[in-house]
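Engineer: compute the structure for the input listed below.
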Amino acid sequence: TTLEDVNKVLNELNTYADQTIYNFAEMTRNIGTFTAAGVDLETSATAIKGIANLAAGSGSTSQQASTAMYQLSQALAAGKVSLQDWNSVVNAGMGGQLFQNALKETAKSMGVVVDESKSFRESISGGDSWLTSDILIKTLEKFANDETLVKAATEVKTYTQLVDTMKESVQSGWAVSWEHIVGDKEE
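Structural biologist: Residues are numbered from 1 along each chain as shown. Here you go, the predicted structure:
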């Protein structure tokens with residue numbers, strides 16, 4: 001990956017952070033954990049947006065989204081989502097039917113058999129979980145582009161969210177100003 005590629009992706013995430021209630025610093029910290037888990041940069045950025053959109057649709061805070069991002073990056077590194085990983089997603093307020101159904105739908109579209117006779121939690125416990133990294137990534141990519149979830153992520157509902165969104169915009173403005181004055185890494 002070149003510096004130009006990284007800057008492009010970070011600019012996209014920064015624009016996304018400015019338009020939504022989510023924090024750019026948290027997203028960039030977590031994109032590092034995704035890439036360390038072996039997920040390419042573009043896919044990592046899309047997955048981060050997907051998690052943020054899911055958090056907004058689930059009513060979770062940006063801190064809860066950050067926790068889920070970190071835990072799911074650990075699952076990606078392991079190659080599958082374990083029950084322990086899933087419990088962290090549930091604790092972040094994001095493990096509801098919306099996410100469960102989307103994961104099952106993705107799995108089925110990829111030809112993976114999901115045992116519907118078991119509860120979701122039972123179906124992913126044990127060593128032979130059907131919930132692989134590929135299924136998770138494809139589902140998060142869908143969430144990144146889901147119009148309803150994008151709308152939920154861009155709606156400011158509280159004063160705290162308003163202040164956080166304004167801080168993100170100011171920080172982005174300063175970052176661009178400093179880049180024009182000082183330059184980027186190569187300059």
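Engineer: where in the chain is pLDDT low?
Structural biologist: 21, 155-180, 184-187 (pLDDT under 70).
Engineer: can you pull out the strands in it?
Structural biologist: Taking DSSP state E, the chain contains no strands at all.
Engineer: would you map the helices across it?
Structural biologist: Along the chain, the stretches classed as helices by DSSP state H are 3-19, 24-36, 41-58, 62-78, 83-91, 97-109, 120-124, 133-144, 147-154, 159-182.
Engineer: which one of those has the most crowded surroundings?
Structural biologist: Greatest average neighbour count among these goes to helix 41-58 (a mean of 24), per mean count of other Cβ atoms under 10 Å. From N, CA and C alone the C-beta is placed, and that goes for glycine too.
Engineer: okay, the angle between it and helix 97-109?
Structural biologist: Following axes from the mean of the first three to the mean of the last three Cα atoms, to 10 degrees, one obtains 140 degrees for the angle between helix 41-58 and helix 97-109.
Engineer: which residue packs closest to Ile124, ignoring adjacent ones?
Structural biologist: Leaving aside its sequence neighbours, Ile124 sits nearest to Leu131 (Cβ to Cβ, 6 or more residues apart in numbering; 4.9 Å).
Engineer: contacts only, for that neighbour.
Structural biologist: Lys80, Val81, Trp86, Leu103, Ala107, Ser123, Ile124 (Cβ atoms under 8 Å, 6 or more residues apart in numbering).
Engineer: closest one of these to Lys142?
Structural biologist: Of all these, Lys142 sits closest to Leu103, with 10.1 Å by Cβ to Cβ.
Engineer: appreciated, that's everything.
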